[in-house]
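>>> predicted model and sequence follow; I will ask about them next.
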Amino acid sequence: MRKILLSLIIVVIAVTFLGRLSYLQIFSFSAEQVLEDPAIKAIYDYPERGYIYDRNGHLLVGNDPAYDVMVIPREVQPLDTLEFCGLLGIDKEKFVEKLRRARVYSPRLPSVLVPQLSKQDYAKLQEKMRKYKGFYIQKRSLRYYDTPSAANVLGYISEVNEGDLAVNKYYVQGELKGRTGVERFYEDLLRGRKGVQYIQKDRFNRDIGPYKNGTIDTLPEQGKQISITIDKTLQEYGELLMNGKRGGIVAIEPATGEILAMISGPTYDPALLVGRERSKNYTKLYNDTIANPTWDRSIHAQQPPGSPFKTLNALIALQEGALDESTTIQCYHGFYVGKKKRGCHCGGGLRNMNQGIYQSCNAYFAGTFRKIFEKFETTDEAMDVWEKHMKSFGLGDYLGYDLPFGQKGRIPSKEYYDKWYGDNRWSSSYIISNSIGQGEILATPVQLANMTAAIANRGHYFTPHILKKIEGKDITETKFTEAKHTTIDPKYFEPVVQGMADVYRKRGGTAYWLQIPDIEIAGKTGTAENFTKIDGVRTQLTDHSVFVAFAPVDNPKIAIAVYIENGYFGSRYAGHIATLMIEKYLKGEITRTDLEKRMLEKTLEAEYAKPYSGEEFKINERVW
Amino acid sequence: MSGRSILKRIDWLSVFIYFALVLIGWINIYSSTFIDEQSSIFDIGTRYGKQLFFIGVSLAAIVIILSLEVNFYERFSSLFYLISMVSLLGLFVFGKTIAGATSWYDLGFFNLQPSELAKVATALALAKYLSDIQTDIKRRKDQMYALLIILIPAILIIPQPDPGSALVFFALIFVIFREGLPLFYLAIIFSLILIFVITLKFGPIWLIIGLVLFIILLFGLKRKTLKIPVIPLALVSVAIILFSLSVNFVFNNVFEQRHRDRFSLWLRLEKDPNKLEQIRKTIGYNTYQSEKAIESGGFFGKGFLEGTRTKGDFVPEQDTDYIFSTVGEEWGFIGTGTVIILFTILFLRLISLAERQKNAFARMYGYGVISILLIHYFINIGMVIGILPTIGIPLPFFSYGGSGLLFFTILLFIFLKLDTNRLKESF
């Protein structure tokens, strides 16, 4: 016992030590500690953020140098305050106060004294800077916008916050990061990679040379120049037309899925979110919860699509053999659901598919919808088929475009109604509103545009996307370059397309007077009922004005969806805007200046003010 | 005896480990104190140059030790002891104060620390006394004499003040145990330490509850064959409770806050994690930094001369008491594990050497060597890796310091010299 006691103690000590050391060096150790090491300081070299161009090579976003006047309070020596303040363009009290604050923050570390000097002030100051010890000018780069529009698409950048830092170890305090739009989605491309230089420090925080002789330092990697699919001219024009209106416009090139324009109204000048006034402007935009300019309606506003949706019901009916294009349905200036009559504006009489579409007959499509359901033994089965077809047009789910946010919209399923009415307690009559794009269906403008592109392509679409080129090279992502086929046979599209063309071509078509000279265009109006709550009471507002269109009918170059909130008839605001946008894109100029003038000048501000007036108001006013 | 037979008989494993530890130690001193590549490693103006010089001096000492008559050490051990005690006393008059402790003689080119000499001398003297034919360790009086040999240097060193070095001498009690001091003493010491720790960590109430439960259990499991000595049990229980209560009282009323903080830190007595973190970074600054440095080394370490915290001088006294943190940072777990294993092998080897001695003096001296080296190693590394409270004593063969290296070398090699004559019962 005596003899082995000491040996035992030695072994126990060794095991304890090795246990503790493995805890410290193996289990607690993490490779990221390099950055937390107080002995190593990283100095970053920031690459310039990538430029953003439009589809035709026009600059949208670049960078502007900005000059911050910095101060290290400890190194400041007595100076001619008056002259210095004059050069900086601030008064003496402010100067003294700022200096005091900088000293409170840290006497040894640099603080910003005056942020973002103009180039002129910088030029004046630069020559005399040497006289002022403890002050220096730090150059940095700010986003510069060569367009007043597309704020919703481009997005903005801002300083990283605690949350970002916790999620992504790349960023350090004070760095900028894309918040919305392209700036966010393609952050990694645009940002590049900062270069790092590691400096070895001692415990007094003094530099004692490069860490590992600079062998692990890295050079900055430039941000990529990218081109987006937006057509700058079309985008800017669309925003002008959107003047005083709320809603969204999305234009897509059907052959590629490239988004030509993506407009949300109201919007704001992207330059507002750059520079000295940034936070003031942001607060102002953010606090406008009624008009909501920072909310991108083109991808977020889920609304009932209204009549454009009829085209899809027609396609499903053809595909399922519920009727053919010559089948007629009687319109009684409306149709009956049980004993209740629902109105129609088409004029009444026997309607076939062509008439149903171009005159937007509600009764025809209610009948069509019933016929689809009659094809199947059970409502459940019919509902499943109907839902499957609808979803193949990219409705009711995320489309998968390369923008950071968006909404799914809604295509109701049988489960949805089972929950609402109970199992087998409903039939097609209960959900007849779906036939005309009302009821439970919701879609965003980009989904409507995509649906239109699928019709224009006669049965397939390309996932809408915003990125066109990286460093001049076309994108190759199969997600965007491979066609998605709808569940409708291409042969069934022609009658529907012709019906849509007749919307413009035929007298009595809902957009007859909106045709574009020399361009054959196909479209569909929509007028969507909508409700809001005022003091808890469900109140109907003026209908939303909806329009989808593509042109030319053969070999379409553009498919567009326009959604104008409370714009009444589809042909009124949305129809105007759609035809103007198409003409602008295809011809480059507008021949119908009267139409254009009307759209540029007419606003819906008065309409939007109604629900907030606190008084009784009229909706759907005839005069405009 | 010819030089050749010495080389044949010396225990090469111990010698090899000794040189390995000295070399590793010096490499880490070099790294801790290295400033730029301009100066030569022989530059006596640098710490590593000085240490290299003392490695040379130690080599010379080894040669001298090995060539001296083997019975020289036993014969003169009383004299060495006397000289070293006088040199400790002399510090009160002629001592040089460094960092608040009057522990050195200024010899001009180097500062001599007589407490290091005293370790060797005390180990020799104790071995000599215990191996004396007249001494019977079973006798109370002889036990007291043996303890006195240990206590005198400790008492002389405490007021320097250098409680760490004083503590080292108590390790020599192991030698007395090896030679027959009843294990009962050892059991009492361990029990007292255990009660002390339990009282601080859980409070006297839990200790008493535990004790009561234990007694109930004892009576519950009572067998007819086993008689429970009721009266001694009661006495021991009362003694334990009294000790526990007095520990509690002393800790709260006699200890100063800085002592309490050290224990709070060591036993994690502070419940509030923020406050504990605060104590770690202030009171426990050295340990905090050295733990962080070791942790940052990871499994493979940062590499020679690449220890950022070492270079940045974050760990105080890194080339002396905290040298092991440099090993941890630059050589990682591989380095620290190697050092632990080398020490462990050395200790086990020395025990087996001591056990094979025919000569009682050699065996006891061997145990003295092991005890002294072991307690340094245990307290030093335990402190550096944060499992023991801060007690400033060097790591043998590693820490910067001429006296330390020289006398640890002498301590070890006297034993290795004795070992070459292990076959003779008397020299």
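Right, received. Where do you want to start?
>>> only C-alpha atoms from now on, for both contacts and neighbour counts.
Will do.
>>> flag the shaky bits of the stretch 101-250 of chain A, pLDDT-wise.
Filtered on pLDDT under 70, the stretch 101-250 of chain A yields the residue ranges A:203-205, A:212.
>>> wait, what's in contact with the residue of it found nearest chain B?
Going by Cα to the nearest Cα, chain B is nearest to A:Asp202 of the stretch 101-250 of chain A, at 3.5 Å. Contact analysis of A:Asp202 by Cα atoms under 8 Å, 6 or more residues apart in numbering or on different chains lists A:39, A:208, B:309, B:311-314.
>>> at 7 Å instead, please
Residues in contact with A:Asp202 (Cα atoms under 7 Å, 6 or more residues apart in numbering or on different chains) are A:39, A:208, B:311-313.
>>> which of those residues sit farthest apart?
Pairwise distances across those (Cα to Cα) peak at 11.0 Å, for the pair A:Ile208 and B:Asp313.
>>> okay, the two: which has more neighbours?
Each of A:Ile208 and B:Asp313 has its neighbours counted (other Cα atoms under 10 Å in any protein chain shown); B:Asp313 has more, 19 against 14.
>>> which of the contacts of A:Asp202 fall within helices?
Those of the contacts of A:Asp202 mapping onto helices are B:Lys311, per DSSP state H.
>>> contact partners of the host helix or strand of B:Tyr18?
Element membership of B:Tyr18 [criterion: DSSP states H and E] is helix B:12-33. Outside helix B:12-33, the residues that touch it by Cα under 7 Å, 6+ apart are B:47-48, B:305, B:310-311, B:318-319, B:323, B:326-327, B:342, B:346, B:397-400.
>>> leaving out chain neighbours, which residue sits closest to the closest residue to chain A within the stretch 251-400 of chain B?
Here the stretch 251-400 of chain B gets closest to chain A at one residue, B:Gly312, 3.5 Å apart by Cα to the nearest Cα. Excluding the flanking residues, the one nearest B:Gly312 by Cα to Cα, 6 or more residues apart in numbering or on different chains is A:Asp202, at 3.5 Å.
>>> and the longest helix along chain B, what's buried?
Longest helix in chain B, counting residues (DSSP H): helix B:323-355. Residues of helix B:323-355 classed as buried by neighbour count (16 or more other Cα atoms under 10 Å in any protein chain shown): B:323-351, B:353-355.
>>> now the element after it, going C-ward?
Counting by DSSP H and E, the next helix or strand C-terminal to helix B:323-355 is helix B:360-384.
>>> average pLDDT for that following helix, rounded please.
Averaging pLDDT along helix B:360-384 gives 94.
>>> would you mind listing what in chain B touches chain A?
Applying Cα under 7 Å from any Cα of the partner chain, we find that chain B lies next to chain A at B:178, B:294-299, B:306, B:308-309, B:311-314, B:332-333, B:337, B:340, B:344, B:348.
>>> one step back: helices or strands up against the longest helix of chain B?
Applying 3 or more Cα pairs under 7 Å, 6 or more residues apart in numbering or on different chains; DSSP states H and E, we find helix B:323-355 packed against helix A:2-22, helix B:12-33, helix B:285-297, helix B:360-384.
>>> and B:Leu172, which of these is closest to it?
helix B:360-384 (5.7 Å).
>>> go ahead and name everything in contact with the helix or strand following the closest one.
Using DSSP H and E, the next helix or strand after helix B:360-384 towards the C-terminus is helix B:402-420. The contact list for helix B:402-420, computed with Cα under 7 Å, 6+ apart, reads B:6, B:9-11, B:51, B:54, B:58, B:61-62, B:65-66, B:70, B:112-113, B:116-117, B:120, B:362, B:365-366, B:369, B:396-397.
>>> and what of stretch A:497-508?
The contact list for stretch A:497-508 (Cα under 7 Å, 6+ apart) reads A:354, A:357-359, A:509-512, A:514-515, A:521-524.
>>> how about A:Thr539, phi and psi?
phi -130, psi 130 (degrees, to the nearest 10).
>>> quick check: the residue in the stretch 401-550 of chain A that chain B sits nearest to vs B:Pro316, distance?
Nearest residue of the stretch 401-550 of chain A to chain B, counting by Cα to the nearest Cα: A:Pro404, 38.4 Å away. Look at A:Pro404 and B:Pro316: by Cα to Cα, to the nearest Å, they are 51 Å apart.
>>> do A:Gly567 as well
76 Å.
>>> and the longest strand that chain B contains, what other elements does it pack with?
Using DSSP state E to define each element, chain B has its longest strand at strand B:101-106. Under the contact definition 3+ Cα pairs under 7 Å, 6+ apart, strand B:101-106 sits against helix B:72-94, strand B:96-98, strand B:111-112.
>>> wait, A:Ala578 touches A:Val562, no?
Yes: taking contacts as Cα atoms under 7 Å, A:Ala578 lies within contact range of A:Val562: 6.3 Å.
>>> quick check: neighbours shared by the two?
Common neighbours of A:Ala578 and A:Val562 (Cα under 7 Å, 6+ apart) are A:Phe547.
>>> residue contacts, B:Thr135?
Applying Cα under 7 Å, 6+ apart, we find B:Thr135 in contact with B:Asp142.
>>> which SS class is it?
coil (DSSP: H, G, I helix; E, B strand; the rest coil).
>>> okay, it: pLDDT?
Note on B:Thr135: pLDDT of 87.
>>> roughly how far does it sit from B:Tyr145?
10 Å.
>>> likewise A:Met390?
102 Å.
>>> which of the two has more neighbours?
Between A:Met390 and B:Tyr145, counting by other Cα under 10 Å, A:Met390 is the more crowded of the two (23 against 16).
>>> need the max-distance pair from the contacts of helix B:12-33.
Longest span within the contacts of helix B:12-33, Cα to Cα: B:Lys311 and B:Leu346, 30.6 Å.
>>> what's the burial count for the spatially closest residue to A:Pro445 that is not a sequence neighbour?
Spatial nearest neighbour of A:Pro445, excluding adjacent residues (Cα to Cα, 6+ apart): A:Ser298 at 5.1 Å. Using other Cα under 10 Å, A:Ser298 is surrounded by 29 other residues.
>>> next up, phi/psi of A:Ser298, please.
When read as degrees, to the nearest 10, the backbone of A:Ser298 gives phi -60, psi -30.
>>> give the contact list for it.
By Cα under 7 Å, 6+ apart, A:Ser298 lies in contact with A:248-250, A:262-264, A:444-446.
>>> looking at chain A, which helix or strand is least sure?
Lowest mean confidence among the helices and strands of chain A (mean pLDDT, DSSP states H and E): helix A:33-36, at a mean of 59.
>>> by contact count, what packs against the next helix or strand after it?
Next along the chain after helix A:33-36, taking DSSP H and E as the criterion, comes strand A:40-45. When contacts are defined as 3+ Cα pairs under 7 Å, 6+ apart, strand A:40-45 sits against strand A:195-201.
>>> extract the C-alpha set from the strand it packs on and format it as CSV.
Extracted in CSV, the C-alpha atoms of strand A:195-201 (Å, rounded to 0.1, in the frame of the first residue of the first chain):
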residue,chain,number,x,y,z
GLY,A,195,-9.2,41.7,-47.8
VAL,A,196,-7.8,41.1,-44.3
GLN,A,197,-4.5,42.0,-42.8
TYR,A,198,-3.8,40.6,-39.3
ILE,A,199,-1.8,42.6,-36.9
GLN,A,200,-0.2,41.2,-33.8
LYS,A,201,-0.9,43.3,-30.7
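>>> for it, the distance to its chain's centre please.
Mean-position distance between strand A:195-201 and its chain equals 39 Å (Cα atoms, centre = their mean, to the nearest Å).
>>> got the angle for that strand vs strand A:40-45?
Interaxial angle, strand A:195-201 versus strand A:40-45 (axes from the mean of the first three to the mean of the last three Cα atoms, to 10 degrees): 150 degrees.
>>> now do the domain split for chain B, please.
Chain B breaks down into these domains under automatic domain parsing: B:3-181+B:285-420, B:190-254.
>>> how far off centre is the longest one?
Domain B:3-181+B:285-420 sits 8 Å away from the centroid of its parent chain (Cα atoms, centre = their mean).
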